[in-house]
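Asks: here is my input; please provide its structure:
(chains A and B)
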Amino acid sequence: MSRIKILKSVTFIALAIIAVRLFFIQIIEHGEWVAKANEAHTLLETITAKRGEIYMMDNGEPVPVVLNQTTYSVIVDPAVTDKEGIKNALEKHAKSYITADIDQVFSTEGLRYYIIAKNIPHKIATAIADENVSGVWFQKSNQRVYPEGETASRLLGFVNADGLGQYGVEGSLNHILSGTDGLLKTISDVNNVALSIGNDNVKIPAVDGKNVVLSVDRGLERGIEELMQAAIDSTPATNAAAIIMNPNTGEVIAMANLPNYNPANYGQVPDASAYSNEATEIPYEPASICKNFAFSAAINEGVMTSSSTYYNLGYEIVDGWTIKNAEQRATLNNHTLDMKTALYWSLNTGSIHALKLLGGNPEEITQQGREKLYDYYHNKFRLGRETGIELIEAAGYIEDPNEGWGRNSTYANMTFGQNLGVTMIQTATAFSAVVNGGYYRTPTIVKGTLENNKITPLSREGVVEDQILTNDTSAMMRGMLINNRSYKVRAGIDKPGYDIGGKSGTAQVIVDGAYDNSMSNLVGSYIGFVGPSGEMPQYVIMTKMWGAGQALSGSEAQSLFDTLSNYAIDYLKIKPNN
Amino acid sequence: MINQTTYVTRRQASVSFVRNRNTVRHSKRSLGSISQIVIIGMITLVFGLIYVAEGTKATGFDYEISSVESEISEMTARRDDLAVEKARLTSVAAAKSSTVAANMENATVTGYVAD
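Replies: Numbers count the residues shown, from 1 in each chain, chains lettered A, B, ... in the order given. Okay, the predicted model is just below:
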């Protein structure tokens, strides 16, 4: 065979092999190769929606308290990165952002990827990039920024590493703040630049989250937190919580929980309870504060007035249990007292008498009395139910009036705020109805969403505005509550020209399934209102102080109320009526 | 035999005219196969260049868009930085710890002018 024939044969075989291979690639393995090509050239990424910011009010204007900031992490490959270059650049521009021992990172064998600095703001990252250090990458991310530091952290919550709002407003309004991520699917070049060539490109723009404006006043919030901290420092209390709300609108203008935590470093807490908003998430027994509700019910039913009388033995025996008054003065025991005096001295026998009157029999607690008290507590004051405020809430509980053992003693205890579980926001909202003319209004802490400097109210379902008490009942209760603080006026604690009324509560705590009768575990609460003399109250203030294993009575919470009410009068510029 | 010098018939005259007129020879010509390939190749090339030019033009816009988007991203980051800086400077915490605040006296009494 001639050489030319051999050459021809070889060429033919080679071409045949190529043709067969092409046939396999183009026809048989077509799908597989298309997938590989798409994988190599298709850019598929989520367009992250910008999370909405959170604002508080300040002099009638919204001011940001939670913002977003683009930050960068510095990544090195110890095998190729200029160690001295990046070390010098970081120490020069971003020393406080270094998160690793750079010498150790570079001396670790086999390490090809390490983040050596985090959360670097854009300006500083640009300065580092301008140093042109070889082998350095910048990874972009979004970070929540809290210009007010720890202020109101348990109200605001935080955003976790997955971008999800947790606790507080961040958690409850996550659906409004987070927006909707978009999608980009397109052909890209080697530098990952999206190209418009190709038929299957998809670009769904992200819908940014909405900015939320809280009704909370920034300065007031900060101010009362400082005062609360001072109260904690001067008592055995380790915790304190407070709410200030407008009883005429249901708007909360301050909600504080101490101790706070640093939301920018939210992992540094002893346990998850540090994140809870005590005012809305933790039901408790507010004790004698509930006498306001039992008295209001009896007055509203027309079976009692502030001057109605009963004989105070100093104790009551119900279902075989002896229920004593905390106050055992000789001038009170075995005396006929009016209900105004009973409320002033916070006598449990007085509130039990109100329950008896509700049942139509002043001598004993009846089924009718229990059912009426339940109707007021649960259906009218909405205790033991979520209020509908735009925050994470716990419902708590109110015992059924007819089921279970010892109903009478349970309901007797409920008149002075034990044997039930309610949150502070439930209590403050119900108390607002007691003093505002009798109107129950669903509390709110959100003014609306902010766009182009315009606040648009949120649409809310199930908002309640019911008159649950008569105006006369409310006026009588205000009178008794003002009387409760008459000595505060005399002592110069309450400023003249204002109507300030209130009621304390000292609650026993359940330890190992039973009330701790040693009185070494007590939670102190106080609730009251503030307004110019002769006018409707402008603000309701509730305080709570406690500490594990500490006996905090209502008097500590009352002192805190005194401080906060005077601060609020000045801060909110409530004018006196002389 | 007809003496053609003495008498010319009309028919003969007509033939004579045809014979004497200017004529052009139209021969059938065609391109060779190589020329056809070259021309088709050229046309394909031109269309190909037009297609590539259009494609490149679209891709050029993509790079421009990418550049503008990067710039927007940069500006947004700078704007956010400034917003954060402003919020920090105007925060209650910053105001309280400022030298101006440190030199202020605490308010003790709030007075109101009678209405």
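
Asks: let me see the contact set for the residue of the stretch 201-350 of chain A found nearest chain B.
Replies: Distance from chain B to each residue of the stretch 201-350 of chain A (Cβ to the nearest Cβ) is smallest for A:Arg222, at 4.4 Å. Every residue, glycine included, has its C-beta placed from N, CA and C. Contact analysis of A:Arg222 by Cβ atoms under 8 Å, 6 or more residues apart in numbering or on different chains lists A:Glu148, A:Thr151, B:Val92, B:Ala93.

Asks: same check on A:Val422?
Replies: By Cβ under 8 Å, 6+ apart, the neighbours of A:Val422 are A:Pro283, A:Tyr284, A:Glu285, A:Pro286, A:Leu383, A:Gly384, A:Gly396, A:Ile398.

Asks: which of those has the most neighbours?
Replies: A:Pro286 (33 neighbours; other Cβ atoms under 10 Å in any protein chain shown).

Asks: now the buried members of the contacts of A:Arg222.
Replies: Buried members of those, scored by 16 or more other Cβ atoms under 10 Å in any protein chain shown, are A:Glu148, A:Thr151, B:Val92.

Asks: which residue ranges of chain B form helices?
Replies: B:10-20, B:33-89, B:92-96, B:99-102 (DSSP state H).

Asks: three-state assignment of the residue of the stretch 201-350 of chain A closest to chain B?
Replies: helix (DSSP: H, G, I helix; E, B strand; the rest coil).

Asks: can you get me a residue count around the closest residue to A:Asn566 other than its chain neighbours?
Replies: Nearest-residue entry for A:Asn566: A:Lys495, 6.6 Å, with adjacent residues in sequence omitted and distances by Cβ to Cβ, 6 or more residues apart in numbering or on different chains. Per other Cβ under 10 Å, the neighbour tally for A:Lys495 reads 18.

Asks: around chain A, pick out the residues from chain B.
Replies: B:55, B:58-59, B:61-63, B:65-66, B:74, B:76-78, B:80-81, B:83-84, B:87-88, B:90-94, B:107, B:110, B:112, B:114-115 (Cβ under 8 Å from any Cβ of the partner chain).

Asks: which PyMOL command selects the buried ones in the residues you listed?
Replies: Here is the PyMOL command that selects the buried residues among those (16+ other Cβ under 10 Å):
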select buried, chain B and resi 59+62+66+77+80+81+83+84+87+88+91+92
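
Asks: quick one: buried residues of the helix or strand encompassing A:Ala568?
Replies: Counting by DSSP states H and E, the element that carries A:Ala568 is helix A:554-571. The neighbour-count check on helix A:554-571 (16+ other Cβ under 10 Å) flags A:554, A:556-569, A:571 as buried.

Asks: out of these, who's nearest chain B?
Replies: Taking the buried residues of helix A:554-571 together and measuring to chain B by Cβ to the nearest Cβ, the closest member is A:Ile569, at 7.4 Å.

Asks: and A:His41, how far from A:Ala194?
Replies: 11 Å (Cβ to Cβ, to the nearest Å).

Asks: repeat for A:Phe12
Replies: Distance from A:Phe12 to A:Ala194, by Cβ to Cβ: 45 Å.

Asks: among the two, which residue is more densely surrounded?
Replies: Neighbour count, other Cβ under 10 Å: between A:Phe12 and A:Ala194, A:Ala194 has more, with 19 against 10.

Asks: give the contact list for the more buried one.
Replies: So A:Ala194 contacts A:Leu43, A:Leu184, A:Thr186, A:Ile187, A:Ser188, B:Asp62, B:Ile65, B:Ser66 (Cβ under 8 Å, 6+ apart).

Asks: nearest residue to it in space, please, no chain neighbours.
Replies: A:Ala194 sits nearest to A:Thr186 (Cβ to Cβ, 6+ apart), 4.5 Å away.

Asks: near chain B, which residues of chain A show up?
Replies: So far as Cβ under 8 Å from any Cβ goes, chain A lies against chain B at A:63-65, A:67-70, A:121-123, A:145, A:147-149, A:151, A:193-197, A:218-219, A:222, A:569-570, A:573, A:575-576, A:578.

Asks: so what touches stretch A:181-190?
Replies: With Cβ under 8 Å, 6+ apart, stretch A:181-190 has contacts from A:41-49, A:194-198, A:200-207.

Asks: give me the domain ranges for chain A.
Replies: Following automatic domain parsing, one gets these domains for chain A: A:3-42, A:48-178, A:217-262+A:273-571.

Asks: now these as a markdown table including mean pLDDT?
Replies: Formatted as a markdown table, these follow (pLDDT from 0 to 100):
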| stretch | mean pLDDT |
| --- | --- |
| domain A:3-42 | 89 |
| domain A:48-178 | 90 |
| domain A:217-262+A:273-571 | 93 |
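
Asks: highest average neighbour count across these?
Replies: Of all these, domain A:217-262+A:273-571 has the most neighbours on average by mean count of other Cβ atoms under 10 Å in any protein chain shown, namely a mean of 20.

Asks: gap between that domain and the chain center?
Replies: Relative to the mean C-alpha coordinate of its chain, domain A:217-262+A:273-571 is positioned 20 Å out (Cα atoms, centre = their mean, to the nearest Å).

Asks: over to stretch A:204-213?
Replies: The answer for stretch A:204-213 is 22 Å, by Cα atoms, centre = their mean.

Asks: same thing with stretch A:28-41?
Replies: 51 Å.

Asks: so what touches it?
Replies: Counting by Cβ under 8 Å, 6+ apart, A:Ile25, A:Ile187, A:Ser188 sit against stretch A:28-41.

Asks: A:Asn262: which of the contacts of A:Ala194 is nearest?
Replies: For the contacts of A:Ala194, the residue nearest A:Asn262 by Cβ to Cβ is A:Leu184; the value is 35.2 Å.

Asks: and the gap between the closest one and chain B?
Replies: 11 Å (Cβ to the nearest Cβ, to the nearest Å).

Asks: wait, a strand at that residue?
Replies: Yes - counting by three-state DSSP, A:Leu184 falls inside a strand.

Asks: so what pLDDT did it get?
Replies: Predicted confidence (pLDDT) for A:Leu184: 83.

Asks: what is the burial count for it?
Replies: 17.

Asks: that one pairs with what?
Replies: The residues listed as beta-bridge partners of A:Leu184 by DSSP bridges are A:Glu45, A:Lys203.

Asks: again, but for A:Gly505
Replies: With DSSP bridges as the rule, A:Gly505 is bridged to A:Ser525.

Asks: in contact with it, which residues?
Replies: By Cβ under 8 Å, 6+ apart, A:Gly505 lies in contact with A:Pro286, A:Ala287, A:Ser288, A:Ile289, A:Cys290, A:Gly417, A:Gly524, A:Ser525, A:Tyr526, A:Ile527, A:Gly554, A:Ala557.

Asks: surely the first one meets A:Thr427?
Replies: Yes - under the criterion of Cβ atoms under 8 Å, A:Pro286 lies in contact with A:Thr427, with a separation of 5.2 Å.

Asks: what touches both of those two?
Replies: Joint contacts of A:Pro286 and A:Thr427 (Cβ under 8 Å, 6+ apart) are A:Ser525, A:Ile527.

Asks: which helix or which strand is home to A:Thr81?
Replies: Using DSSP H and E, no helix or strand contains A:Thr81.

Asks: circling back to that earlier point, and the residue nearest to A:Ala194, how many neighbours?
Replies: 20.

Asks: so what pLDDT did B:Asn106 get?
Replies: On the pLDDT scale, B:Asn106 gets 62.

Asks: before we move on, back to that, between the helices of chain B, which gets nearest to A:Ser474?
Replies: Proximity to A:Ser474, assessed across the helices of chain B by Cβ to Cβ, is greatest for helix B:92-96 (35.5 Å).

Asks: who's in contact with that closest one?
Replies: So helix B:92-96 is contacted by A:Pro147, A:Glu148, A:Gly149, A:Thr151, A:Arg218, A:Gly219, A:Arg222, B:Arg88, B:Ala101 (Cβ under 8 Å, 6+ apart).

Asks: mean confidence for that helix?
Replies: 73.

Asks: ok, back up a step: what's the closest of the helices of chain B to A:Thr456?
Replies: The nearest among the helices of chain B, by Cβ to Cβ, is helix B:33-89 at 20.9 Å.
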